[in-house]
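Asker: Structure here, sequence nowhere to be found:
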């Protein structure tokens with residue numbers, strides 16, 4: 001698995017996941033329950049992961065939808 005996206009914005013991960021799943025790309029979210037450690041303040045970023053074989057296509061799809069991947 002490769003990191004596609006890292007963000008503290010709670011709206012970007014579900015949006016990106018929906019777009020990618022619509023294109024047939026499986027995603028997995030890391031650090032979902034880390035808010036327990038930061039007191040639900042949202043200061044710890046969550047990561048969206050994809051299979052290595054899908055990374056290039058997933059980045060292109062997110063770029064086309066104006067979702068920054070940071071890479």
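Answerer: Received, thanks. Here the structure is a predicted model, which is why all the values come from computation and not from measurement.
Asker: Nearest residue to residue 16 in space, ignoring adjacent ones along the chain?
Answerer: Computed as CB to CB, 6 or more residues apart in numbering, the closest residue to residue 16 that is not its neighbour in sequence is residue 67, at 5.3 Å. C-beta coordinates here come from the backbone N, C-alpha and C atoms, glycine included.
Asker: got the phi/psi numbers for that neighbour?
Answerer: phi -110, psi 110 (degrees, to the nearest 10).
Asker: Go through the strand or helix carrying residue 29 and flag the buried ones.
Answerer: Residue 29 belongs to strand 27-30 when elements are defined using DSSP states H and E. Buried residues in strand 27-30, counted by 16 or more other CB atoms under 10 Å: residue 27.
Asker: any low-confidence regions in this structure?
Answerer: Within the chain, the stretches with pLDDT under 70 are 33-42, 71.
Asker: tell me, what residue is most central in it?
Answerer: residue 48 (2.9 Å; CA atoms, centre = their mean).
Asker: After the helix or strand hosting that one, which helix or strand is next?
Answerer: According to DSSP H and E, residue 48 maps onto strand 46-50. Remark: after strand 46-50, the chain's next helix or strand is helix 55-64, criterion DSSP H and E.
Asker: which other helices and strands contact that next one?
Answerer: strand 2-7, helix 12-22 (3 or more CB pairs under 8 Å, 6 or more residues apart in numbering; DSSP states H and E).
Asker: which residues sit against the longest one?
Answerer: Okay, so that is helix 12-22. Helix 12-22 is contacted from outside by 4-5, 7, 26-27, 29, 46, 48, 50, 58, 61-62, 65, 67, using CB atoms under 8 Å, 6 or more residues apart in numbering.
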